[in-house]
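Novice: Let's see this in three dimensions:
(one chain, ligands or ions: 1)
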Amino acid sequence: MLEIVQIPVLEDNYLYLIHDPVSGDTAIVDPAVEDEVVAELGARGWRLTHIFNTHHHLDHTGANLALKARYGATVVGAAIDRERIPGIDIAVGDGDQVHLGNVAADVYFVPGHTSGHIAYHFPTAKALFSGDTLFSMGCGRTFEGTHAQMWQSLSTLMALPDDTLNHCAHEYTAANGAFALTLEPNNIALIERMKAVKQLRLNNKPTVPSTLGQEKQTNPFLRPMSEEIQNTLGMIGGPLPAIFSQIRKLKDTF
Ligand SMILES: [Zn+2]
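Specialist: Okay, the predicted model is just below:
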């Protein structure tokens, strides 16, 4: 079974080490920085073999070249973003598989936040690495894509099993939840989750990862079908992409 280690860096970024004890292979997902990764690897006696990038933003690729130079790690990124992923060795797209030892991850193309964003899903570990696409109770801003693309991408991820753990790249949960409550003040699952989130943050503990099941119950960006949200927005019975788009617009200025 894979071992996954969460490394908090910068203001609110999460990096993830993924270690396969059978082969010894170890990947870092979205290395924003070098030092914390080197320290964590050293403490565990692991050697970096792979860098998995979800998208090109600097706070996800900033240490690609330094870590590649130090360990000879193989850089995996989106083929469509070949020019924007520093040091890319293996260019992948939707439906491809990448391996850590003998453990496979499925690659999903999930554009919206950027035009080349991908996610990595390890079915046997029930682990999804969604970068800046699906946050806990939120989703990424659509810097390079359309709302329609983002809704499609989230729908793709939503189809994965409910017990999948979503490892996103930022600790935005408390602010996301505050926004969610403005749309669904009577959502019991949301109210309960926010209590837990507040307690975790008070103790400076991460609220990430969460399960897709939790997200489906509490994340407004996965819930344009919610009657309460539709009622709040005055969009009862409206098309789901349009309701999603309205939620995204409101969050942009929240
Ligand atoms: Zn980003």
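
Novice: And the helices in the stretch 51-200 of the chain?
Specialist: Applying DSSP state H, counting those that start in this stretch to the stretch 51-200 of the chain gives helices spanning 58-61, 64-71, 147-158, 173-183, 188-202.

Novice: Same list (those helices) but as TSV, adding distance to residue 250 and mean pLDDT.
Specialist: Where C-beta positions appear, they are placed from N, C-alpha and C, glycine not excepted. Formatted as TSV, the helices of the stretch 51-200 of the chain follow (distance: least, CB to CB, whole Å; pLDDT from 0 to 100):
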stretch	distance to residue 250	mean pLDDT
helix 58-61	25	98
helix 64-71	35	98
helix 147-158	12	98
helix 173-183	8	98
helix 188-202	16	98
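
Novice: For the ones you listed, give me TSV that also has mean neighbour count.
Specialist: Shown next, in TSV, are these (neighbours: other CB atoms under 10 Å):
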stretch	mean neighbour count
helix 58-61	19
helix 64-71	18
helix 147-158	19
helix 173-183	19
helix 188-202	15
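
Novice: Among those, which comes closest to residue 94?
Specialist: Ranking those by their distance to residue 94 (criterion: CB to CB) puts helix 147-158 first, at 8.8 Å.

Novice: Can you name every helix or strand that that closest one contacts?
Specialist: strand 103-109, helix 212-218, helix 240-252 (3 or more CB pairs under 8 Å, 6 or more residues apart in numbering; DSSP states H and E).

Novice: Give me the contacts around that helix.
Specialist: Applying CB atoms under 8 Å, 6 or more residues apart in numbering, the contact partners of helix 147-158 are 108-113, 117, 119, 128, 130, 133-134, 139-140, 142, 166, 212, 215-216, 221-222, 224, 240-241, 244-245, 248-249.

Novice: and the stretch 51-200 of the chain, which residues reach the ion?
Specialist: Residues of the stretch 51-200 of the chain found near the ion (CB under 5 Å from the ion) are 57, 132.

Novice: try 8 Å
Specialist: Within reach of the ion by CB under 8 Å from the ion, the stretch 51-200 of the chain has these residues: 55, 57, 59-60, 113-114, 117, 131-132, 140, 143, 169.

Novice: OK, now which residue of the stretch 151-254 of the chain is nearest to the ion?
Specialist: With CB to the ion, the shortest gap between the stretch 151-254 of the chain and the ion falls at residue 169, namely 7.2 Å.

Novice: what about the helices of the stretch 51-200 of the chain, which gets the closest to residue 41?
Specialist: Here helix 64-71 is closest among these (CB to CB), at 8.1 Å.

Novice: Fine by me, thanks again.
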